[in-house]
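Student: model the structure of this input:
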Amino acid sequence: MLVYADPDKGNGAPVTTDSRFDGPLEGASMIRRLRLFSGLVMLAYVTMHLLNHAVGLVSLEAMENVLWYIFRIWTNRLAQLLLYGSFLVHYALALYALWQRRTLRLRASELSQVVLGFAIPFLLVRHVVTTRISDDFFHTDVGYYAYLLWVYFVRSPEYGFVQMLVLVVAWGHAMIGLHFWLKVRALVRTLTTHRSSRRSARPRSIATRRDRSGSASY
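Tutor: Got it, this is the predicted structure:
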């Protein structure tokens, strides 16, 4: 029988599970892995997007050329299924994590991650509709970067501000999530190392006591 504290419950309430099944443990581990994998897929997309924007410091033509290769990666059916599926899974698991909590009292870092994460879809919806959906369903090919830069910086600068804001929001959400993941990995590694060192030290201490008791009997 195992007893552990579930951090997603919010108050550290103990959860018991039979070691023959380990249901809650395996379920929580699978959820964490799904959240991590789906988040990394979207982070890869955002990173490539940001790198593509950075190439614009060279020239608009260079940015368009790099975009051609990025399109070939993310516009095939398998990549689109992976990207959109990762978004749905990540969003659904975030809602599930909030639903499972017994309190909404969060640390500042956790609250920032939640707020930034749920703000992303609302900030992105106009951009997605006017680019990806309009191109896929209505074939509105408008030269992409040349047209969008004109819209964001000349025609409607407020839309450009929203796009810059969503990049900061998405990147901040991803970095907070990576920080939590790496922090947990470091903690688990430290605890595992400490536990193994204690186990290896215990037989030596027992053997030392036996040697001392044996020598004292003589």
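
Student: any weak-confidence spans in the protein?
Tutor: 1-25, 142-143, 187-189, 191-192, 194-218 (pLDDT under 70).

Student: element containing the residue nearest the centre of it?
Tutor: Central residue of the chain (Cα atoms, centre = their mean): residue 39, 3.5 Å from the mean position. Secondary-structure assignment from DSSP states H and E places residue 39 in helix 23-55.

Student: quick check: closest non-adjacent residue to residue 106.
Tutor: In this structure, residue 106 finds its nearest non-sequential neighbour in residue 114, 6.8 Å apart by Cβ to Cβ, 6 or more residues apart in numbering. All C-beta spots, glycine's among them, are computed from the backbone N, C-alpha and C.

Student: in a strand, that neighbour, correct?
Tutor: No: judged by DSSP: H, G, I helix; E, B strand; the rest coil, residue 114 forms no part of a strand; its state is helix.

Student: how about it, what does it touch?
Tutor: 94, 98, 106 (Cβ atoms under 8 Å, 6 or more residues apart in numbering).

Student: distance check, the second one against residue 92.
Tutor: In this case it means residue 98. 11 Å (Cβ to Cβ, to the nearest Å).

Student: hmm, back to that, the residue nearest to the centre of the chain reaches residue 89, doesn't it?
Tutor: No: taking contacts as Cβ atoms under 8 Å, residue 39 lies outside contact range of residue 89: 9.5 Å.

Student: could you turn the buried ones of the contacts of residue 114 into a PyMOL selection?
Tutor: The buried residues among the contacts of residue 114 can be selected in PyMOL (16 or more other Cβ atoms under 10 Å) with this line:
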select buried, resi 94
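
Student: in helices, which of the contacts of residue 114 appear?
Tutor: Counted as lying in helices by DSSP state H, out of the contacts of residue 114, are 94, 98.

Student: ok, residue 172 - contacts?
Tutor: Per Cβ under 8 Å, 6+ apart, neighbours of residue 172: 112, 116.

Student: that one falls within a strand, correct?
Tutor: No: assigned with three-state DSSP, residue 172 falls outside any strand and is helix.

Student: gap between it and residue 82?
Tutor: 23 Å.

Student: now do residue 120
Tutor: Taken as Cβ to Cβ, the span from residue 120 to residue 82 is 18 Å.

Student: likewise residue 113?
Tutor: From residue 113 to residue 82 the distance is 23 Å (Cβ to Cβ).

Student: what's the answer for residue 127, then?
Tutor: 20 Å.

Student: which one of these two has more residues nearby?
Tutor: Higher neighbour count among residue 127 and residue 82: residue 82, with 18 against 15, using other Cβ atoms under 10 Å.

Student: let me see the contact set for the nearest residue to that one once chain neighbours are set aside.
Tutor: Nearest non-adjacent residue to residue 82, counting by Cβ to Cβ, 6+ apart: residue 41, 6.0 Å away. Going by Cβ under 8 Å, 6+ apart, residue 41 touches 82-83, 86.

Student: can you do 10 Å?
Tutor: Counting by Cβ atoms under 10 Å, 6 or more residues apart in numbering, residue 41 makes contact with 79, 82-83, 85-87, 89-90.

Student: kindly report the same for residue 190.
Tutor: Residue 190 neighbours (Cβ under 10 Å, 6+ apart): none.
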